[in-house]
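1. sequence first, predicted model second:
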Amino acid sequence: MSKESTPELVFSGSPRGLELFRAVERMLAASTPPATRATKSQVAFRGRRGYAYVWWPGRYLASEVPAVLSIALPRRIDSARFKEVVNPSPGLWMHHLELHNEEELDAEVAEWLREARAAAD
């Protein structure tokens with residue numbers, strides 16, 4: 001099991017990534033404050049299970065991307081906005097969205113997060 005951390009430690013080398021994490025957190029808190037859990041590599045938003053994860057790719061790869069939002073859904077969404085979509089297990093699709101600025105966190109992303117949160121509860 002991963003050691004507990006904080007969002008500040010996860011994004012210790014990416015202040016912009018921390019700002020983007022906080023923007024996702026505010027978006028989710030608009031309905032009900034989300035439960036979070038930080039590990040060394042990511043911050044998870046959780047219901048009964050994790051449904052969204054924010055992480056900094058520059059910690060592990062040569063990347064200028066300040067944050068990635070990974071959304072867990074029971075279905076695949078085909079959108080050019082996703083950098084990658086993978087099916088790690090039956091009934092679970094992970095959608096990886098690179099975040100560069102808060103404007104990318106629009107109504108479409110809010111709907112994907114709402115759907116993911118509902119599926120995780």
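-> Sure thing, it's come through.
2. now do the helices in the chain.
-> Assigned by DSSP state H, the chain shows helices spanning 7-10, 15-29, 107-120.
3. ok, residues contacting the longest one?
-> Residues from elsewhere that reach helix 15-29, judged by Cβ atoms under 8 Å, 6 or more residues apart in numbering: 7-8, 10-11, 34, 36, 43, 45, 52, 54, 56, 58, 66-67, 69, 99, 101-102, 105, 109-110, 113, 117. Just so you know, the C-beta spots here come from the backbone N, C-alpha and C atoms, and that holds for glycine as well.
4. what of the shortest one?
-> Under the criterion Cβ under 8 Å, 6+ apart, residues 18, 21-22, 36, 38-43, 54-56 lie in contact with helix 7-10.
5. buried stuff in that helix?
-> Residues of helix 7-10 classed as buried: 7, 10 (neighbour count, 16 or more other Cβ atoms under 10 Å).
6. centre of the chain to that helix, how far?
-> The gap between where helix 7-10 is centred and where its chain is centred comes out at 14 Å by Cα atoms, centre = their mean, to the nearest Å.
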